[in-house]
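Engineer: sharing a model prediction with you, sequence too.
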Amino acid sequence: MAQDSISQDITGDEASSIRTEDIVHFPNDPNFLEAEADVDQEDDQSEPNQTNADSQVPDSSNPPEDDVDPLGISQLSLAFNYTVYKIQDSLQSIIIQTDEYIQHQSSMISKDLVDIDDQLNDLKSTVKRCADLKMKFDTIEQIAMFVQDFKKRVDELESKLIELKVKKTRSSVKTKSSLRSG
């Protein structure tokens with residue numbers, strides 16, 4: 001399975017010449033650990049009970065490894081393809097993370113803009129209420145000035161009335177006294 005994903009970029013002729021022994025194993029990669037286990041199982045199944053490795057007769061249709069690829073180009077090609085695959089995989093992961101981060105930040109900014117708009121509307125409403133209250137206080141202040149002025153006038157009129165009553169009382173007492181004396 002891992003070998004298929006590695007050799008995707010290899011043409012048909014190249015893929016047919018690659019053997020499982022040519023695969024470069026990377027110990028920290030789970031895909032290659034799986035591929036290594038698959039290769040070990042295939043080796044166990046393909047090697048029937050052989051008691052003596054020296055008794056094998058070389059097969060002329062399957063040349064030794066050194067004759068097929070003496071410079072290790074297949075192994076280098078596989079390593080290169082695997083590296084490109086890992087870079088693409090990492091790049092795709094970074095792209096996904098970046099997209100998720102951008103979407104998250106965009107939604108946060110949208111929420112913040114809505115919150116700011118709501119706060120701005122609340123602030124405008126508060127400013128309007130403050131202006132209304134100021135106008136009411138100004139009205140109350142003017143009424144208080146009118147009341148003070150009215151009270152002052154009432155006090156003046158009251159004192160004049162008292163003076164008039166006193167004068168009238170004095171004049172009526174004088175008239176009654178002059179009528180009684182006279």
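Structural biologist: Arrived safely. Numbering: from 1, shown residues only.

Engineer: quick one: find the helix or strand in this protein with the lowest mean pLDDT.
Structural biologist: The helix or strand of the chain with the poorest confidence is helix 2-6; it has a mean of 41 (mean pLDDT, DSSP states H and E).

Engineer: what about the helices in the protein?
Structural biologist: Secondary structure of the chain (DSSP state H): helices at 2-6, 12-17, 30-46, 65-68, 73-181.

Engineer: who are the contact partners of V154?
Structural biologist: By C-beta atoms under 8 Å, 6 or more residues apart in numbering, V154 lies in contact with nothing. From N, CA and C alone the C-beta is placed, and that goes for glycine too.

Engineer: measure it to L164 for me?
Structural biologist: Counting by C-beta to C-beta, to the nearest Å, the separation of V154 from L164 is 15 Å.

Engineer: where in this protein is pLDDT low?
Structural biologist: For the chain, the stretches flagged by pLDDT under 70 are 1-67, 179, 181-182.

Engineer: try 90 this time
Structural biologist: For the chain, the stretches with pLDDT under 90 are 1-72, 74, 163-182.

Engineer: from E100, how far out is S90?
Structural biologist: Relative to E100, and taking C-beta to C-beta, S90 is found at 16 Å.

Engineer: typo on my end, it should be D118
Structural biologist: Distance from D118 to E100, by C-beta to C-beta: 27 Å.

Engineer: torsion angles phi and psi at P70?
Structural biologist: phi -70, psi -20 (degrees, to the nearest 10).

Engineer: swap in L71?
Structural biologist: In terms of degrees, to the nearest 10, the main-chain angles of L71 are phi -90, psi 0.

Engineer: for it, list the residues it contacts.
Structural biologist: For L71, the contact set (C-beta under 8 Å, 6+ apart) is empty.

Engineer: pull up the gap between I96 and D132, please.
Structural biologist: 54 Å.

Engineer: and what of Q148?
Structural biologist: Separation of Q148 from D132 (C-beta to C-beta) stands at 25 Å.

Engineer: next, count neighbours for A79.
Structural biologist: By other C-beta atoms under 10 Å, 16 other residues sit near A79.

Engineer: can you tell me which of the helices of the chain is most buried?
Structural biologist: Comparing the helices of the chain by mean neighbour count (mean count of other C-beta atoms under 10 Å), helix 2-6 ranks first with a mean of 17.
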